[in-house]
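Student: just a sequence and a predicted model for now, questions to come.
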6 protein chains.
Amino acid sequence: MNKVAVYRKEHFNAAHRLFNASFSEAENDRIFGKCNNPNFHGHNYELVVKVVGVPDEKTGFVFDTKLLSDIIKAEIVNKFDHKNLNLDLEEFKNLNPTAENISIVIYTILREKLPKELELQIRLYETERNFVEYPA
Amino acid sequence: MNKVAVYRKEHFNAAHRLFNASFSEAENDRIFGKCNNPNFHGHNYELVVKVVGVPDEKTGFVFDTKLLSDIIKAEIVNKFDHKNLNLDLEEFKNLNPTAENISIVIYTILREKLPKELELQIRLYETERNFVEYPA
Amino acid sequence: MNKVAVYRKEHFNAAHRLFNASFSEAENDRIFGKCNNPNFHGHNYELVVKVVGVPDEKTGFVFDTKLLSDIIKAEIVNKFDHKNLNLDLEEFKNLNPTAENISIVIYTILREKLPKELELQIRLYETERNFVEYPA
Amino acid sequence: MNKVAVYRKEHFNAAHRLFNASFSEAENDRIFGKCNNPNFHGHNYELVVKVVGVPDEKTGFVFDTKLLSDIIKAEIVNKFDHKNLNLDLEEFKNLNPTAENISIVIYTILREKLPKELELQIRLYETERNFVEYPA
Amino acid sequence: MNKVAVYRKEHFNAAHRLFNASFSEAENDRIFGKCNNPNFHGHNYELVVKVVGVPDEKTGFVFDTKLLSDIIKAEIVNKFDHKNLNLDLEEFKNLNPTAENISIVIYTILREKLPKELELQIRLYETERNFVEYPA
Amino acid sequence: MNKVAVYRKEHFNAAHRLFNASFSEAENDRIFGKCNNPNFHGHNYELVVKVVGVPDEKTGFVFDTKLLSDIIKAEIVNKFDHKNLNLDLEEFKNLNPTAENISIVIYTILREKLPKELELQIRLYETERNFVEYPA
């Protein structure tokens, strides 16, 4: 009951294409529709990082949002912003960059960089109307 | 831990009136205030549908948001948009169209149309300042 | 060059129906589509009132936004909120309550209540995606 | 499964300063950075109050949002709006007004005023990019 | 004074890259920075189309927003959405797809499709923080 | 007709108090109400800077928004963010920090730093519901 969730929102702009190299062209078109444009399309991704813990008695902080912002910028924004997710990021060489998979990749990176005692959850908006949360 | 939540937002505009035919006029006025205007008032409802499941390994999708959008439009938006909830929808003939009840009705309709293995939750904004979630 | 524009945003929820009694039913359907539902539909209207003038040297105000808000609430919100525009408002007995016409009606009411030396403009959002401005 | 969450959003504008009187000036600067400006800075706080319960069969309400709004305004907005949290509120005389601590204070006040059978959660936006939730 | 402005908002998602083939690589990097990523990046573009005219006396419409939406979708969204502006659109073969230039291209296309008596203005959001308007 | 407007949005958080030292306490209370709290209150100010000019033929830019953002941060955000406008800024020692006056001060500072051939306009949001524009 004494735990508080702290959220920090950042953003990045990136290009991507949804497809699976093991599918036929027809299958890719049927499943991914216009998201399968071989020349890519793009999004303004909004990223909300949630950490949960007990506030420190002396500072009143669960985790300093300035520090949280710095970590997200260093580990995620610098890596994803103004990039082509399929071509520029090692993580998506063999992984389809759906919002679901991007959120898992971001979670995995940040989990390493944040104190173990803090719970972590990622919310990622691909558009204002399509978004995901991991873990659910 | 490997489950991801996927959200899709849609909207519809509708008229409604809050009242209970078994209440006296005075009771309806006291409980529902100006929402009890017999000539109706209306809202731009924003509907957020959340489904939770494990991403498919080949597509990277929990559930294709394009398909989710199509289902919401076919089952909910076509039925609710530019309608009078009290007069035009069978579901509210004997059920007060509060945000709480509308969210339960929408949940019940969509639950039938979505795969059983996906968890489902409805968030409904009546205004930017009043909204509900079902199940809580 | 020394004029400043001051904006105040308020909102109201109302039901309406678009149609012209002199049109045939088929014409009304063709022109107004689902907005012609005889049982009405509704919106959360967002109203932005702009006044332009020279800031008072002593207060630094063009016009106190608290006072502007009080005037909008007294003259517009109290009259339009939780109402059926077609049935409850004299102004729309013979005037189709399109966003265009609603903005002109609001302008006409507020023009009377605000100091003559202030320029006035109305912006009205029927939905986040459809809005109007009067005078243009 | 028959529980519904009802949310009501309100706002207040306040000044505050983050610091701990038992820290040295250098420590306060290192930990709280520019939030430690001794002359204070301020925010437009957005407050979202969530209550969870079973809708009443006769009204269709978990809890009337008009009444919820009245309680939040009487107990929180009147107390916090246009105030200096450090200087004007007894609660922060010896408690650092971080978003975490403000959300706990608001929870404690509202918990007393709302029916025991309703679950309660507070979400507080300090800015669009920094927000907290209590209990987590 | 009897003119009303009518606005319709649509959106599209696209990839692009900013560069000028006649510049050296160093010049492109200096001028366009990370926007010059040769693998492209992308945005959720929000497009607001403004038309200005006198409301029709019988319909109360300056221009039916449903029809305006249909025209924008047919002429702009279908052409720009889920596309790579540099590679997929003839218009940007020799024109840098800055927000400024995209807005001029959209204006030129829509100007042909809309009645001559309506004034037209384009507002284009590349991100929530960067946007343009044409003509100014 | 070949001019394009380019907008850049930034923000800062600040405390302020509205009052005029030459007014009596009663006058200050009557005119500025709760904004006259002697302990200050605060806001998240959103600042939108508009520049208008002809796009450069080679770059397609009216003015690089990255550079515009850098100038706004260096000249305005660094000066206003996490400050007490009345106590920390020379400009408001004898000028009431109303939104009107803040926008004029910001205009005056930026006008010096931006190319003369660009037209300049400031929009400042004190809250989502109260905002100003200078020059009008």
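Tutor: Nice, I can see it.
Student: going by C-alpha atoms from here, please, whenever you check contacts or count neighbours.
Tutor: Noted.
Student: who in chain A is up against chain E?
Tutor: A:13-16, A:34-35, A:37, A:39-44, A:81-84, A:87-88, A:127 (C-alpha under 8 Å from any C-alpha of the partner chain).
Student: can you pull up the most central residue in chain A?
Tutor: Centroid-nearest residue in chain A: A:Ser103, 3.8 Å away (criterion: C-alpha atoms, centre = their mean).
Student: distance check, that one against chain D.
Tutor: Distance of A:Ser103 to chain D, computed by C-alpha to the nearest C-alpha, to the nearest Å: 18 Å.
Student: shouldn't A:Asn13 be within a strand?
Tutor: Yes - counting by DSSP: H, G, I helix; E, B strand; the rest coil, A:Asn13 is found in a strand.
Student: count the neighbours of it for me.
Tutor: Using other C-alpha atoms under 10 Å in any protein chain shown, A:Asn13 has 24 neighbouring residues.
Student: for it, give me its contacts.
Tutor: Shown here is A:Asn13, whose contacts under the criterion C-alpha atoms under 8 Å, 6 or more residues apart in numbering or on different chains are A:Gly42, A:His43, A:Asn44, A:Tyr45, A:Phe80, A:Asp81, A:His82, A:Lys83, E:His41, E:Gly42, E:His43.
Student: can we see that at 6 Å?
Tutor: Going by C-alpha atoms under 6 Å, 6 or more residues apart in numbering or on different chains, A:Asn13 touches A:His43, A:Asn44, A:Tyr45, A:Asp81, A:His82, E:Gly42, E:His43.
Student: now the farthest one out in chain A, which residue is it?
Tutor: Within chain A, the residue lying farthest from the chain centre (C-alpha atoms, centre = their mean) is A:Lys58, at 31.7 Å.
Student: and the gap between the spatially closest residue to that residue that is not a sequence neighbour and chain F?
Tutor: Distances taken as C-alpha to C-alpha, 6 or more residues apart in numbering or on different chains place D:Asn20 nearest to A:Lys58, at 7.1 Å, with adjacent residues excluded. Distance of D:Asn20 to chain F, given as C-alpha to the nearest C-alpha: 17 Å.
Student: state the pLDDT value of the residue farthest from the centre of chain A.
Tutor: Note on A:Lys58: pLDDT of 95.
Student: now do the SS call for it.
Tutor: Here A:Lys58 is recorded as coil under three-state DSSP.
Student: next, give phi and psi for the residue of chain A found nearest chain E.
Tutor: At 3.5 Å from chain E, A:Gly42 is the closest residue in chain A, using C-alpha to the nearest C-alpha. Reported as degrees, to the nearest 10, the phi and psi values for A:Gly42 are phi -150, psi 170.
Student: in the sheet, who's paired with it?
Tutor: A:Ala15 (DSSP bridges).
Student: hang on, it packs against E:Ala14?
Tutor: Yes - counting by C-alpha atoms under 6 Å, A:Gly42 touches E:Ala14, with 4.7 Å between them.
Student: mutual contacts of the two, please.
Tutor: Once C-alpha under 6 Å, 6+ apart is applied, the residues that A:Gly42 and E:Ala14 both contact turn out to be E:Gly42, E:His43.
Student: neighbour count winner among these two?
Tutor: For A:Gly42 versus E:Ala14, neighbours defined as other C-alpha under 10 Å are more numerous around A:Gly42 (31 against 27).
Student: give the contact list for that one.
Tutor: By C-alpha under 6 Å, 6+ apart, the residues touching A:Gly42 are A:Ala14, A:Ala15, A:His16, E:Asn13, E:Ala14, E:Ala15, E:Gly42, E:His43.
Student: now with 8 Å?
Tutor: Residues near A:Gly42 by C-alpha under 8 Å, 6+ apart: A:13-16, E:13-16, E:41-44, E:82.
Student: go on, A:Lys83?
Tutor: Applying C-alpha under 8 Å, 6+ apart to A:Lys83 gives the contacts A:Asn13, A:Ala14, A:Ala15, A:Leu89, E:Asn37, E:Asn39, E:Phe40, E:His41.
Student: can we see that at 6 Å?
Tutor: Shown in contact with A:Lys83 (C-alpha under 6 Å, 6+ apart): A:Ala14, E:His41.
Student: burial count for the residue nearest to A:Lys58?
Tutor: 19.
Student: with A:Ile71 instead?
Tutor: A:Ile71 - counted by other C-alpha under 10 Å - has 15 other residues nearby.
Student: if you look at the helix or strand containing it, does any of it touch chain F?
Tutor: A:Ile71 belongs to helix A:65-72 when assigned by DSSP states H and E. No - using C-alpha under 6 Å from any C-alpha of the partner chain, helix A:65-72 never reaches chain F; the gap is at least 13.5 Å.
Student: and stretch A:52-61, which residues are buried?
Tutor: A:Val52, A:Gly53, A:Val54, A:Pro55, A:Thr59, A:Gly60, A:Phe61 (16 or more other C-alpha atoms under 10 Å in any protein chain shown).
Student: and the third one, what does it touch?
Tutor: When contacts are counted by C-alpha under 6 Å, 6+ apart, A:Val54 touches A:Lys3, A:Val62.
Student: for it, what are phi and psi?
Tutor: Phi and psi for A:Val54, reported as degrees, to the nearest 10, are phi -90, psi 130.
Student: coming back round to it: which of the residues of chain A next to chain E are buried? Put it as a PyMOL command.
Tutor: Buried subset of these, written as a PyMOL selection, criterion 16+ other C-alpha under 10 Å:
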select buried, chain A and resi 13+14+15+16+34+35+37+39+40+41+42+43+44+81+82+83+84+88+127
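Student: picking that back up, any chance of the contacts of A:Gly42 in a markdown table, with pLDDT too?
Tutor: Output for the contacts of A:Gly42, formatted as a markdown table (pLDDT from 0 to 100):
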| residue | pLDDT |
| --- | --- |
| A:Asn13 | 97 |
| A:Ala14 | 98 |
| A:Ala15 | 98 |
| A:His16 | 98 |
| E:Asn13 | 97 |
| E:Ala14 | 98 |
| E:Ala15 | 98 |
| E:His16 | 98 |
| E:His41 | 97 |
| E:Gly42 | 96 |
| E:His43 | 97 |
| E:Asn44 | 97 |
| E:His82 | 97 |
